[in-house]
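# Could you look at this predicted model? Sequence included:
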Amino acid sequence: MLMSIYIHKSHNVTVLVYHLVFPTKYRQLTIRQEVDTKLKDICLEIEKRYEVHFVEIGTDHDHVHFLLQSVPPHSVTRLVTMIKSITARKLLESISPLKQELWGASFWSSGFYASTVGKQGNEQTISRYVKDQGRAQEYTSIHKNQLKLVW
């Protein structure tokens, strides 16, 4: 079973796990065994240079799933930018037919999917945990609302 770990720093303890999905440019079916092997090698090199741990990497022919753990200074945007730029550059340099397949474009599309992954459970589990911290008669919920983003 793959598991994240607690990262202990001088003033905090974190478990920040993300599920990221990157589609290839034009959703081209460019991911195959040669790309899988090189992508894994590149990601393991990224681990050595940055505070990022790839828990799992899964590929389909036109997109890649990353389950990774990082630290608070690395925002989701920073992680996405870093991983996309390094992997694209190194894949295009080392597997020359990719540039032709993608008409000279970059390897990844500009879009991505990102989600957090909880170590302790889902939203209901965490809500119950927060509520049960004090004695039931002393706990007062001062705000509760459905999760949503409004733009």
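Thanks, I have it.
# Spell out the residue ranges of the helices in the protein.
Assigned by DSSP state H, the helices in the chain fall at 33-49, 76-94, 97-101, 123-131.
# Pull out the buried positions in the second one.
Using 16 or more other CB atoms under 10 Å as the burial criterion, the residues of helix 76-94 that qualify are Leu79, Val80, Met82, Ile83, Lys84, Ile86, Thr87, Ala88, Lys90, Leu91, Leu92. Placement of C-beta: from N, CA and C, glycine included.
# Quick check: mean pLDDT of it?
What helix 76-94 shows for mean pLDDT is 94.
# repeat for stretch 47-54
Averaging pLDDT along stretch 47-54 gives 92.
# how about Lys9, phi and psi?
In this entry, Lys9 is assigned phi and psi values of phi -110, psi -180 (degrees, to the nearest 10).
# mind checking how far it is from Met82?
Note on Lys9: its distance to Met82, by CB to CB, to the nearest Å, is 20 Å.
# contacting residues around Leu16?
Taking CB atoms under 8 Å, 6 or more residues apart in numbering as the contact definition, Leu16 lies against Ile7, Gln69, Ser70, Val71, Pro72, Thr116.
# go on, Leu79?
Under the criterion of CB under 8 Å, 6+ apart, the contact partners of Leu79 comprise Tyr18, Leu20, Val52, Leu68, Ser70.
# about what we covered before: point out the ones among the contacts of Leu16 that are inside strands.
In strands, defined here by DSSP state E, the members of those are Ile7, Gln69, Ser70, Thr116.
# Pull the contacting residues for the third one.
Translated: Ser70. When contacts are counted by CB under 8 Å, 6+ apart, Ser70 is found next to Leu16, Tyr18, Glu51, Val52, His53, Leu79.
# what's the answer for the second one, then?
Applying CB under 8 Å, 6+ apart, one finds that Gln69 lies in contact with Ser4, Ile5, Ile7, Val15, Leu16, Val17, Tyr18, Val52, His53, Val55.
# Same list (these) but as TSV, adding distance to Ala105.
TSV is the format used below for these (distance: CB to CB, whole Å):
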residue	distance to Ala105
Ser4	34
Ile5	38
Ile7	36
Val15	36
Leu16	31
Val17	31
Tyr18	26
Val52	26
His53	30
Val55	29
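# Which of those lies at the shortest distance from Gln100?
Using CB to CB, Val52 is the member of the contacts of Gln69 that lies nearest Gln100, at 30.5 Å.
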